[in-house]
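**Q** What follows is a predicted structure for the sequence shown.
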Amino acid sequence: MADFSYLLRPECFDDLVGQRHLSASDAPLRVLCEKGALGHSFLFGPPGCGKTSLARIIARVMELPFYELNATSLKIEELRKIFERTRGTLQRPLIFIDEVHRLAKNQQEVLLPVMETNAVLVIGASTENPFFSLTAAMRSRSMLFELYPIKTEALALLLARAKEREGLHVEDDARDYLLRSSGGDARAMLKLLEFASAISLHVSLTLLMQLRPVALSDGSSEASVHYDLASALIKSIRGSHPDAAIYYLARLIEGGEPADFIARRLVILSSEDVGNANPQALTLATSCLMAVKQIGYPEARIIMAQTVIYLCGSPKSNSAYAAINAAQKAVQSGEILEIPKQIRQHYEGYMYPHDFGGWVEQEEYLSKPLKFVALKDAGYEGKMKKWFEALGLKV
């Protein structure tokens, strides 16, 4: 059986579908590659969006030997053998590490010296933002590029290439299902088509539904109402309208959305929109996520319904969301303050609040006054606000 993902793997930037912000002729990543100036980089994005294909294109354009590794099974000795094998050669190797967010600290430390000297070019890929798991030393030597779920028109182009290459006839409703149900994952779409074509060169919706009866999670196809339904659910909860929220929950369930996809959004909402107005909301939503992963459908729908109604009935506050956004913006804009000496490690003048009944007035915790947190009077957060005010702190 032909491997469609392999046969249709792009050979150059112009062949890469769905990532024009990286592959267009004036895209910074492509320009750096074509000038031979691309540095160590990390690619992150959902499954099947082209991360490995992009890394192979980079190696081809820059004319570098390509070594493909996976952080889940990577051995330090394996890295050292590559370093030894390529030492003194005219071309440095491109070391591609998939699942790079799983690199252990000692593995990162082995990579640092060769990254520092540019003896190798390291390209990492992950479905998660790897900068949160990498050491500061790795981050400071690298660039970060995000890839997005592949949109319908780009998937359609890839599907057309597959049909032409393999001589397939795909019925119109089957074509729509391939595009709509693949969740922006090109590999998933091609894999479904590959299995269907092994059965018949005439691909029907009935055949596809027998092979994959439900849509994949995190779809981004404009042909579906995936994002509109997810948005409607979140906004109905945010607006404290339980009937609307339950209706959109039902639509998502009946549309084939995996329970953990829905539950993850409930966890995010519990912190972003309910927050400290009802701290228990995060606890319940997290329990919901853990439970539906273990239980699955059909019973998971009951757990999610309970959580949705609870979140609807909770007082709302987005103060934590607003505070971290404001603080990150300040840091990103260059607001890097010196840490006051009294709260640095091992400073003998620090006054331990618990020795003073839980709070003691001492020198400032910031070397420059900054304001990010603005608490609301909603629910439990109102009590927190009064406690801060009793200490003479304005929040």
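**A** Sure, I can see it. Numbers count the residues shown, from 1 in each chain.
**Q** what stretches of the stretch 101-250 of the chain score poorly on pLDDT?
**A** Applying pLDDT under 70 to the stretch 101-250 of the chain flags the ranges 214-226.
**Q** 50 instead?
**A** By pLDDT under 50, the low-scoring segments of the stretch 101-250 of the chain are 217-224.
**Q** Figure out the helix or strand that Leu69 lives in.
**A** Leu69 belongs to strand 66-70 when assigned by DSSP states H and E.
**Q** what sits up against that strand?
**A** Strand 66-70 is contacted from outside by 52, 55-56, 59, 78-79, 82, 93-99, using CB atoms under 8 Å, 6 or more residues apart in numbering. Just so you know, the C-beta spots here come from the backbone N, C-alpha and C atoms, and that holds for glycine as well.
**Q** Tell me who's in contact with Glu381.
**A** 275-277, 315, 317, 319, 375.
**Q** Quick check: can you list the domain ranges of this protein?
**A** Domain assignment of the chain by automatic domain parsing yields the ranges 6-146, 152-211, 226-312, 319-390.
**Q** Next up, phi/psi of the most centrally placed residue in the chain, please.
**A** The residue lying closest to the centre of the chain (CA atoms, centre = their mean) is Glu128, at 4.2 Å. Main-chain dihedrals, Glu128, degrees, to the nearest 10: phi -120, psi 160.
**Q** and it, what does it touch?
**A** So Glu128 contacts 44, 101 (CB under 8 Å, 6+ apart).
**Q** Convert stretch 54-69 to PDB, retaining C-alpha atoms only.
**A** Below are the C-alpha coordinates for stretch 54-69, written out as PDB (Å, rounded to 0.1, in the frame of the first residue of the first chain):
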ATOM      1  CA  LEU A  54       9.600  22.000   6.700                       C
ATOM      2  CA  ALA A  55      12.800  20.700   8.500                       C
ATOM      3  CA  ARG A  56      13.600  18.500   5.500                       C
ATOM      4  CA  ILE A  57      13.100  21.500   3.200                       C
ATOM      5  CA  ILE A  58      15.400  23.600   5.300                       C
ATOM      6  CA  ALA A  59      18.100  20.900   5.100                       C
ATOM      7  CA  ARG A  60      17.700  20.600   1.300                       C
ATOM      8  CA  VAL A  61      17.800  24.400   0.700                       C
ATOM      9  CA  MET A  62      20.800  24.900   2.900                       C
ATOM     10  CA  GLU A  63      22.400  21.700   1.500                       C
ATOM     11  CA  LEU A  64      23.000  20.200   5.000                       C
ATOM     12  CA  PRO A  65      23.200  16.500   6.000                       C
ATOM     13  CA  PHE A  66      19.900  15.600   7.700                       C
ATOM     14  CA  TYR A  67      19.700  13.600  10.900                       C
ATOM     15  CA  GLU A  68      16.200  12.900  12.300                       C
ATOM     16  CA  LEU A  69      15.900  12.100  16.000                       C
END
